[in-house]
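compute the structure for the input listed below.
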Amino acid sequence: MLITSFFNESKALVKKNEVPAVLVDDSLKFSSVWSKPKKATLMSTFLPGLGQVYNKRYWKVPVIYSAFAAAGYFIFSNQKKYLDFKNAIVYRYDNVPGNETYSLYTVDNLVTLKRTYRRYRDFSILGASLIYALQIVDANVDAHLYEFDVDSISLSFRPEFGILAEKKIGLTILIRF
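Predicted coordinates:
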């Protein structure tokens, strides 16, 4: 009842003053469903480098894919060496003739090398995962700072010398925002 009377009074005011009612855009209207950082984050999550393209930081895409290629190379090569040493151990225990590739190594050496390359492979997988996570974080932070004006920030260093009797030497760092 109160709401209908409020609307009736507002209609009466509009008719009385004869000013047409115009809806004014305010802060409740969203420009899009997704915010820029959220969209960049999701894009980089689904396809690495796409968030950087969305942020118009095209130069970062080759860096990201080069890092992934390097991580992939190390994963592949360490996995190959791991399997080579693992198979050498199996051949050594099974007394398979004709496999003289690692004949200079003892079984203990082969086990140590197998464990070492497995650890290297696991570190390479961890590195690839970190590259993936860092490129997502980079897209998010870059989207947050897209409108940030870096020209207004300055950093300067100034040496300071005291009077000869005091023998003081210093360095002043001045940061302006």
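
centre of the chain to the longest helix seen in the chain, how far?
Scanning the chain for the longest helix, with DSSP state H as the assignment, gives helix 107-144. With CA atoms, centre = their mean, to the nearest Å as the basis, helix 107-144 stands 15 Å off its chain's centre.

same question, stretch 68-83
Taking mean C-alpha positions (CA atoms, centre = their mean), stretch 68-83 and its chain are 22 Å apart.

name the helix or strand of this protein that has the lowest mean pLDDT.
When the helices and strands of the chain are scored by mean pLDDT, DSSP states H and E, helix 2-17 comes last with a mean of 49.

could you list the low-confidence segments of this protein?
For the chain, the stretches flagged by pLDDT under 70 are 1-34, 98, 162-167.

quick check, residue 56 in a strand?
No - assigned with DSSP: H, G, I helix; E, B strand; the rest coil, residue 56 falls outside any strand and is coil.

hang on, the earlier thing: tell me what the longest helix of the chain is packed against?
Judged by 3 or more CB pairs under 8 Å, 6 or more residues apart in numbering; DSSP states H and E, the packing partners of helix 107-144 are helix 36-46, helix 50-54, helix 60-94. Glycine gets a C-beta too; all of them are placed from N, C-alpha and C.
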